[in-house]
Every structure is written in C-alpha cells, then in structure tokens.
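> here is a sequence together with a model predicted from it:
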Amino acid sequence: MNERVIKKIESLKERRKAVILAHNYQAGEIQDLADFTGDSLGLSILAAQTDAQIIVFCGVRFMAETAAILCPDKKVLLPEKSAGCPMADMITAEQLIKLKQENPDALVVCYVNSTADVKAESDYCCTSANAVELVNSLPADKRIIFVPDQHLGRFVAERTGRDLILWPGYCTTHVRITEDDIRKAKAKYPDAVVLAHPECSEPVKELADELLSTGQMLKFAARSEAKRFIVATEIGIIHALKKQNPRAEFYPASERAVCPNMKKITLDKVVSSLEDMQYEITVPEQIRTRAKKSLDRMVEVLPTR
Ligand code: SF4
C-alpha cells in the first residue's frame, strides 16, 4: 500500500517539479520520502537554494511561513491546513508590541518557532542551536525580550548570564517529558547518555548530560562513542538518529512526547497536496519583508550558521 502511494508521490513530485522537506519530528515514512530532512530554519535555507518552484513542507505552519518568507518566488504548500504550533500561537504580534512598549529600550529576540507577524515585530530571530551565541553577540548594556519559549529562554539566560525578559510560552509536547521519566529511563539504561532539547522543562534539563537542538543531537550521536542514548525531545527524531547511527541504541525519554500537529502530515495528505496544490502558505509582503529582516540579522551576526 505504502509503496504504491510513495510511487505516486514520486511521479507527482516530478510532474510538479516540487521538493519535499520534512522536519525531524515527522513520522518516519514522511522523513524517508523527503528530499531533505532537518530543522525548520535549515530546511527553509535549503528550500531557498533549490531550483524547485514548489515546496511541500512536511511540518507545521510557522515552518512553511518561514520558507515563504525566505523564498518569495516559490509556492509553499503545507499538506495539512490545521498543522499549527501551540507554542508559536502563545504570543500574538499585539502582545509583543505591548511588551515592547513596556520595555522601550529592549531588543527583541524571537525563537524561529513563532508566527511571521511576531518575527516582523522582532529585531533578531534565533534557533535553538544558535540562541546562546546570538544573545552573547548583542550589546551587554541592552535588555533583551525573548519570545515565545520560556524554557529555551531560561536556558539562554543561564548560559549567557543575561537577565532576559521572558514570555511564558512553552512547547506542549516537550513539557510532557517529566523528571520522573528521565529518572526511570536512567535506572533502566544506566550507561546511556541523556540528550535533552532546551524546550524541555528545567528539572528535565538538570538531569540531562547534553542540551542540544535536534540538528546538534544528530551530530553529537554521530561523533560519540557511547552505545546508548536516552532522547528527551519529540520522538520523531529517533527515526533519524537510528537511521544515521545503526550501531547505537536510542530510547525516547517518554513515549508521550509526540507532537500531534507534526503527526497530522500523512502520505495521503502529501499526495493531495501535490495533486491539488494545497494548502498554499503566503505571508503578506509588508510582514514578509520585516520578518525577513529579523532572519537576515541573525545570519549577519552568525554568518557561519
Ligand atoms: S514539537 Fe512543540 S514547538 Fe514543535 S511544533 Fe510541536 S508544539 Fe510546536
């Protein structure tokens, strides 16, 4: 059944001259059929570099929006209209404008997991991989508003020693991983290295050996001599970790760490997306150019990203 659907996707992709991108949290079968897998910003940068005119983004809305911001000449499709990110939706542009008015001298750094409207109101965008480096590069006398993820924000504050103004947003999936989950997993696999994403809660992060973005987890596992890993992030990453490191064993810290929005993308929806050219994600030009500036400033500060 899957083989037939995958063949159909391949032929539609060729006919449409499309490229399929899949985030590291997608279901394994979606990751396997994608042309590129990775984190949201890395995928959008790759999308901007391809000749393809159609981008099918297997991820959530803010990721497709980021691709649309960076690739205004391409059509960006999200196979499931309702695949959103609860954390990105925890702050609106209006709320951020109010926060800026309350802190008129502060710079605004937004996590890439944010809407285009919020990016447009921000000075800098960052990823979980470069947030620490980016904040470290900002003038020491400037106060910094960090939105929307309080957990990534606390991690950045701790690593940089900066007193950040945090927004109380959080990832509804990462907070399902508990301290107890980590303790139990460690008791079961005492020799395992615990990798946790900075979006996890603070007690979970305190028990981890390494705090890494998904891209950093893949690099770390490839270089490490450890044989076992406990992975505290969305379980989709386990597929890529196993595929790229067949000699090692990877265990999810919690089977509950499943992002329901990421898992809304199915093979059948990818078929419909390519057949009916749906659902196109666009960003109004005025918002797009301002949002792009926050992404461009990130690249200016961190040219090697
Ligand atoms: S895993 Fe968390 S941050 Fe990522 S899309 Fe799902 S809810 Fe949003």
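Alright, I've got the coordinates.
> and residue 231, that's in a helix?
No. Counting by DSSP: H, G, I helix; E, B strand; the rest coil, residue 231 is not part of a helix but strand.
> how close does it get to residue 222?
14 Å (CB to CB, to the nearest Å). C-betas here are computed from N, CA, C, even on glycine.
> what's the answer for residue 197, then?
For residue 197, the distance to residue 222 - CB to CB - is 17 Å.
> could you report the neighbour count for residue 31?
Neighbourhood size, residue 31 [other CB atoms under 10 Å]: 21.
> where in the protein is pLDDT low?
Applying pLDDT under 70 to the chain flags residues 1, 303-305.
> which helix of it spans the most residues?
Ranked by residue count and defined by DSSP state H, the top helix of the chain is helix 285-301.
> counting contacts, what elements does that one pack onto?
helix 61-70, helix 116-120, strand 124-126 (3 or more CB pairs under 8 Å, 6 or more residues apart in numbering; DSSP states H and E).
> put the alpha carbons of stretch 148-165 into PDB.
Output of stretch 148-165 as PDB, limited to C-alpha atoms (Å, rounded to 0.1, in the frame of the first residue of the first chain):
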ATOM      1  CA  PRO A 148       7.900  32.800  23.000                       C
ATOM      2  CA  ASP A 149       9.500  29.900  24.700                       C
ATOM      3  CA  GLN A 150      10.300  30.400  28.400                       C
ATOM      4  CA  HIS A 151      12.200  27.200  28.700                       C
ATOM      5  CA  LEU A 152      14.600  27.900  25.800                       C
ATOM      6  CA  GLY A 153      14.800  31.500  27.300                       C
ATOM      7  CA  ARG A 154      15.900  30.200  30.700                       C
ATOM      8  CA  PHE A 155      18.500  28.000  29.100                       C
ATOM      9  CA  VAL A 156      19.800  31.000  27.200                       C
ATOM     10  CA  ALA A 157      19.800  33.200  30.300                       C
ATOM     11  CA  GLU A 158      21.700  30.600  32.200                       C
ATOM     12  CA  ARG A 159      24.300  30.000  29.500                       C
ATOM     13  CA  THR A 160      24.800  33.800  28.800                       C
ATOM     14  CA  GLY A 161      24.400  35.200  32.300                       C
ATOM     15  CA  ARG A 162      22.000  37.700  30.800                       C
ATOM     16  CA  ASP A 163      18.800  38.800  32.600                       C
ATOM     17  CA  LEU A 164      16.200  38.200  29.800                       C
ATOM     18  CA  ILE A 165      12.600  39.400  29.800                       C
END
